[in-house]
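> Mind looking at a prediction? Sequence and model below.
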Amino acid sequence: MSDTDRAPLFYPSFEALYLAGHVMAELGGQTPGYQGRVGAAWYWRLPAGIIVRMWLDYTVTEERWDVVRAQASTPNGGIFDRADFPFAAYATTPTSPPFIHDMQGAAEWSNRLYFQMGDLIEDMGRWINALHAVALSPQVSPPASFPALNDLERRLVRYAVDELDGRFIISRLHEAFKDEVSRSRVSSMAHAWERGELLTEPPRRVTYALRLLAEEGVTAPQPEA
(Lines give C-alpha, C1' and ligand atoms only; values in the text may rest on other atoms or scores of the structure.)
Protein backbone atom coordinates (compact mmCIF):
# COMPACT_ATOMS: atom_id res chain seq x y z
CA MET A 1 0.00 0.00 0.00
CA SER A 2 1.42 3.37 -1.02
CA ASP A 3 1.47 6.47 1.17
CA THR A 4 -1.31 8.03 -0.91
CA ASP A 5 -3.58 5.05 -0.20
CA ARG A 6 -3.21 5.28 3.58
CA ALA A 7 -5.75 7.15 5.66
CA PRO A 8 -4.42 10.40 7.14
CA LEU A 9 -2.84 10.04 10.59
CA PHE A 10 -4.61 13.13 11.90
CA TYR A 11 -8.26 14.03 11.71
CA PRO A 12 -10.08 17.36 11.90
CA SER A 13 -12.07 18.16 15.00
CA PHE A 14 -15.84 17.95 15.12
CA GLU A 15 -15.98 21.72 14.73
CA ALA A 16 -13.82 21.60 11.60
CA LEU A 17 -15.99 18.86 10.15
CA TYR A 18 -19.05 20.94 10.91
CA LEU A 19 -17.64 23.94 9.03
CA ALA A 20 -16.55 21.86 6.05
CA GLY A 21 -19.92 20.16 6.12
CA HIS A 22 -21.54 23.37 4.89
CA VAL A 23 -19.42 23.15 1.74
CA MET A 24 -20.22 19.47 1.25
CA ALA A 25 -23.94 19.94 1.89
CA GLU A 26 -24.04 22.63 -0.80
CA LEU A 27 -22.15 20.33 -3.15
CA GLY A 28 -24.43 17.43 -2.29
CA GLY A 29 -27.47 19.52 -3.13
CA GLN A 30 -26.07 20.13 -6.62
CA THR A 31 -24.92 16.59 -7.45
CA PRO A 32 -26.82 13.29 -7.57
CA GLY A 33 -25.96 10.35 -5.37
CA TYR A 34 -24.98 12.29 -2.25
CA GLN A 35 -25.03 10.07 0.85
CA GLY A 36 -23.75 12.47 3.50
CA ARG A 37 -20.89 12.19 5.97
CA VAL A 38 -19.70 8.90 7.46
CA GLY A 39 -16.93 9.33 10.00
CA ALA A 40 -14.47 11.90 8.70
CA ALA A 41 -15.43 11.63 5.02
CA TRP A 42 -18.33 12.45 2.71
CA TYR A 43 -19.68 9.95 0.20
CA TRP A 44 -21.53 9.79 -3.12
CA ARG A 45 -23.02 6.67 -4.73
CA LEU A 46 -23.02 6.90 -8.54
CA PRO A 47 -24.13 4.57 -11.34
CA ALA A 48 -22.15 1.39 -12.06
CA GLY A 49 -21.25 0.99 -8.40
CA ILE A 50 -18.95 4.03 -8.36
CA ILE A 51 -18.30 5.31 -4.85
CA VAL A 52 -16.91 8.81 -4.40
CA ARG A 53 -15.18 9.66 -1.13
CA MET A 54 -14.08 13.17 -0.12
CA TRP A 55 -12.23 14.18 3.02
CA LEU A 56 -10.37 17.09 4.56
CA ASP A 57 -6.59 16.99 4.65
CA TYR A 58 -3.73 19.42 5.24
CA THR A 59 -0.74 20.55 3.20
CA VAL A 60 1.30 22.61 5.67
CA THR A 61 0.69 21.65 9.29
CA GLU A 62 -1.42 19.20 11.19
CA GLU A 63 -3.70 22.05 12.23
CA ARG A 64 -4.20 23.53 8.78
CA TRP A 65 -6.95 21.59 7.00
CA ASP A 66 -6.82 23.38 3.70
CA VAL A 67 -7.41 20.78 0.98
CA VAL A 68 -10.24 18.46 0.03
CA ARG A 69 -9.02 15.15 -1.35
CA ALA A 70 -11.30 12.97 -3.43
CA GLN A 71 -11.20 9.52 -4.91
CA ALA A 72 -13.53 7.37 -6.99
CA SER A 73 -13.62 3.59 -6.83
CA THR A 74 -15.65 0.55 -7.83
CA PRO A 75 -15.88 -2.83 -6.06
CA ASN A 76 -14.21 -4.61 -8.98
CA GLY A 77 -11.79 -1.99 -10.26
CA GLY A 78 -10.70 -0.37 -7.00
CA ILE A 79 -9.61 3.29 -7.01
CA PHE A 80 -9.51 4.57 -10.58
CA ASP A 81 -9.47 8.36 -10.17
CA ARG A 82 -8.28 10.94 -7.65
CA ALA A 83 -8.54 14.72 -7.37
CA ASP A 84 -7.28 17.40 -4.99
CA PHE A 85 -9.04 20.71 -4.33
CA PRO A 86 -6.69 22.92 -2.27
CA PHE A 87 -8.40 25.88 -0.68
CA ALA A 88 -5.41 28.06 -1.62
CA ALA A 89 -6.30 27.59 -5.29
CA TYR A 90 -9.57 29.40 -4.61
CA ALA A 91 -8.11 32.36 -2.73
CA THR A 92 -8.35 35.87 -4.11
CA THR A 93 -4.92 36.73 -2.74
CA PRO A 94 -1.82 34.51 -2.76
CA THR A 95 -0.65 35.82 0.61
CA SER A 96 -3.81 35.02 2.58
CA PRO A 97 -5.05 31.57 1.58
CA PRO A 98 -8.22 30.40 3.35
CA PHE A 99 -8.21 27.43 5.69
CA ILE A 100 -10.02 26.08 8.73
CA HIS A 101 -8.07 27.05 11.84
CA ASP A 102 -8.25 24.11 14.23
CA MET A 103 -5.27 24.54 16.56
CA GLN A 104 -6.90 25.40 19.88
CA GLY A 105 -10.51 25.66 20.96
CA ALA A 106 -13.35 25.76 18.46
CA ALA A 107 -12.44 25.69 14.79
CA GLU A 108 -13.08 28.74 12.66
CA TRP A 109 -12.54 29.90 9.10
CA SER A 110 -9.33 31.83 8.57
CA ASN A 111 -9.27 34.37 5.75
CA ARG A 112 -12.79 33.29 4.78
CA LEU A 113 -13.42 36.60 3.00
CA TYR A 114 -10.74 35.69 0.47
CA PHE A 115 -12.29 32.28 -0.27
CA GLN A 116 -14.10 31.75 -3.59
CA MET A 117 -16.20 28.94 -2.17
CA GLY A 118 -18.62 28.98 -5.09
CA ASP A 119 -15.81 28.19 -7.51
CA LEU A 120 -14.59 25.37 -5.28
CA ILE A 121 -18.05 23.80 -5.15
CA GLU A 122 -18.48 24.20 -8.91
CA ASP A 123 -15.17 22.46 -9.64
CA MET A 124 -15.88 19.58 -7.24
CA GLY A 125 -19.32 19.17 -8.77
CA ARG A 126 -17.88 19.15 -12.27
CA TRP A 127 -15.48 16.35 -11.28
CA ILE A 128 -18.28 14.26 -9.75
CA ASN A 129 -20.54 14.76 -12.75
CA ALA A 130 -17.75 13.73 -15.12
CA LEU A 131 -17.66 10.36 -13.37
CA HIS A 132 -21.12 9.61 -14.78
CA ALA A 133 -19.49 9.39 -18.20
CA VAL A 134 -16.92 6.98 -16.78
CA ALA A 135 -19.80 4.80 -15.57
CA LEU A 136 -20.59 3.97 -19.21
CA SER A 137 -17.07 2.72 -19.90
CA PRO A 138 -16.74 -1.05 -20.50
CA GLN A 139 -13.72 -0.99 -18.16
CA VAL A 140 -15.99 0.16 -15.31
CA SER A 141 -19.37 -1.40 -16.15
CA PRO A 142 -20.06 -4.88 -17.52
CA PRO A 143 -21.11 -4.78 -21.18
CA ALA A 144 -24.79 -3.92 -21.69
CA SER A 145 -25.18 -2.77 -18.07
CA PHE A 146 -27.02 0.28 -19.38
CA PRO A 147 -29.94 0.16 -21.81
CA ALA A 148 -29.76 1.44 -25.36
CA LEU A 149 -32.45 4.12 -25.63
CA ASN A 150 -34.88 4.25 -28.52
CA ASP A 151 -35.82 7.51 -30.24
CA LEU A 152 -38.82 8.21 -28.00
CA GLU A 153 -36.87 7.56 -24.82
CA ARG A 154 -34.09 9.89 -25.97
CA ARG A 155 -36.62 12.63 -26.69
CA LEU A 156 -38.24 12.17 -23.29
CA VAL A 157 -34.89 12.58 -21.58
CA ARG A 158 -33.95 15.61 -23.66
CA TYR A 159 -37.33 17.20 -22.88
CA ALA A 160 -36.75 16.64 -19.16
CA VAL A 161 -33.32 18.25 -19.43
CA ASP A 162 -34.27 21.16 -21.69
CA GLU A 163 -37.78 21.99 -20.51
CA LEU A 164 -37.97 20.68 -16.93
CA ASP A 165 -34.50 21.68 -15.70
CA GLY A 166 -33.43 18.04 -15.50
CA ARG A 167 -36.46 16.90 -13.49
CA PHE A 168 -38.15 13.71 -14.67
CA ILE A 169 -41.76 14.63 -13.87
CA ILE A 170 -44.04 11.86 -15.10
CA SER A 171 -47.19 13.99 -15.43
CA ARG A 172 -45.40 16.74 -17.38
CA LEU A 173 -43.66 14.27 -19.67
CA HIS A 174 -46.88 12.37 -20.38
CA GLU A 175 -48.68 15.62 -21.17
CA ALA A 176 -45.97 16.56 -23.67
CA PHE A 177 -45.87 13.11 -25.32
CA LYS A 178 -49.41 11.83 -24.73
CA ASP A 179 -49.91 11.09 -28.42
CA GLU A 180 -46.92 8.74 -28.40
CA VAL A 181 -46.76 7.09 -24.99
CA SER A 182 -49.07 6.22 -22.10
CA ARG A 183 -48.60 7.57 -18.61
CA SER A 184 -48.06 4.03 -17.29
CA ARG A 185 -45.24 3.53 -19.80
CA VAL A 186 -43.54 6.76 -18.71
CA SER A 187 -43.93 5.66 -15.10
CA SER A 188 -42.40 2.25 -15.91
CA MET A 189 -39.44 3.96 -17.54
CA ALA A 190 -38.95 6.15 -14.47
CA HIS A 191 -38.96 3.19 -12.09
CA ALA A 192 -36.62 1.13 -14.31
CA TRP A 193 -34.16 4.00 -14.75
CA GLU A 194 -34.27 4.77 -11.06
CA ARG A 195 -33.41 1.14 -10.24
CA GLY A 196 -30.57 1.37 -12.76
CA GLU A 197 -29.34 4.59 -11.10
CA LEU A 198 -29.93 6.58 -14.27
CA LEU A 199 -32.46 8.71 -12.42
CA THR A 200 -31.96 9.94 -8.89
CA GLU A 201 -34.34 8.94 -6.12
CA PRO A 202 -37.54 11.05 -5.93
CA PRO A 203 -37.77 13.85 -6.71
CA ARG A 204 -36.28 12.21 -9.78
CA ARG A 205 -33.63 14.03 -11.78
CA VAL A 206 -31.77 12.97 -14.92
CA THR A 207 -28.20 11.89 -14.22
CA TYR A 208 -25.28 12.69 -16.50
CA ALA A 209 -25.12 9.02 -17.47
CA LEU A 210 -28.68 9.13 -18.77
CA ARG A 211 -27.96 12.39 -20.57
CA LEU A 212 -25.09 10.71 -22.38
CA LEU A 213 -27.25 7.73 -23.33
CA ALA A 214 -29.85 10.14 -24.70
CA GLU A 215 -27.42 11.90 -26.99
CA GLU A 216 -27.90 11.06 -30.63
CA GLY A 217 -25.70 8.17 -31.70
CA VAL A 218 -24.58 7.22 -28.17
CA THR A 219 -25.34 3.65 -27.19
CA ALA A 220 -24.54 1.54 -24.19
CA PRO A 221 -21.44 -0.69 -24.21
CA GLN A 222 -22.17 -3.91 -26.05
CA PRO A 223 -20.62 -7.39 -25.57
CA GLU A 224 -17.58 -8.10 -27.66
CA ALA A 225 -18.15 -10.41 -30.60
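Yep, that arrived. Numbering: from 1, shown residues only.
> for the protein, which residue is closest to the average position?
In the chain, the residue lying closest to the centroid (Cα atoms, centre = their mean) is Ile128, at 3.6 Å.
> buried stuff in stretch 91-102?
Ala91, Pro97, Pro98, Phe99, Ile100, His101, Asp102 (16 or more other Cβ atoms under 10 Å). C-beta: built from backbone N, CA, C; applies to glycine.
> which residues in this protein form helices?
14-30, 117-134, 151-163, 170-176, 183-195, 208-214 (DSSP state H).
> Would you map out the domains in the protein?
3-134, 151-214 (automatic domain parsing).
> right, and Asp66 touches Asp102 too?
No - if you go by Cβ atoms under 8 Å, Asp66 and Asp102 don't touch, sitting 10.4 Å apart.
> Quick check: the residue lying farthest from the centre of the chain vs Trp193, distance?
Distance from the C-alpha centroid of the chain, by Cα atoms, centre = their mean, peaks at Asp179 (35.5 Å). As judged by Cβ to Cβ, to the nearest Å, Asp179 and Trp193 stand 22 Å apart.
> Equivalent analysis for Leu27, please.
In terms of Cβ to Cβ, Leu27 sits 24 Å off from Trp193.
> try Leu212
From Leu212 to Trp193 the distance is 13 Å (Cβ to Cβ).
> cool, Pro75 as well?
22 Å.
> When these two are compared, which one has more neighbours?
Trp193 (24 against 8; other Cβ atoms under 10 Å).
> Not counting its neighbours along the chain, what's nearest the more buried one?
Of all residues not flanking Trp193 in the chain, Leu199 sits nearest, at 4.4 Å (Cβ to Cβ, 6 or more residues apart in numbering).
> Quickly list what the one you found is bridged to.
Val206 (DSSP bridges).
> that older thread, buried deepest among the helices of the chain, which one?
Greatest average neighbour count among the helices of the chain goes to helix 208-214 (a mean of 22), per mean count of other Cβ atoms under 10 Å.
> Give the rounded mean pLDDT of that helix.
Helix 208-214 carries an average pLDDT of 85.
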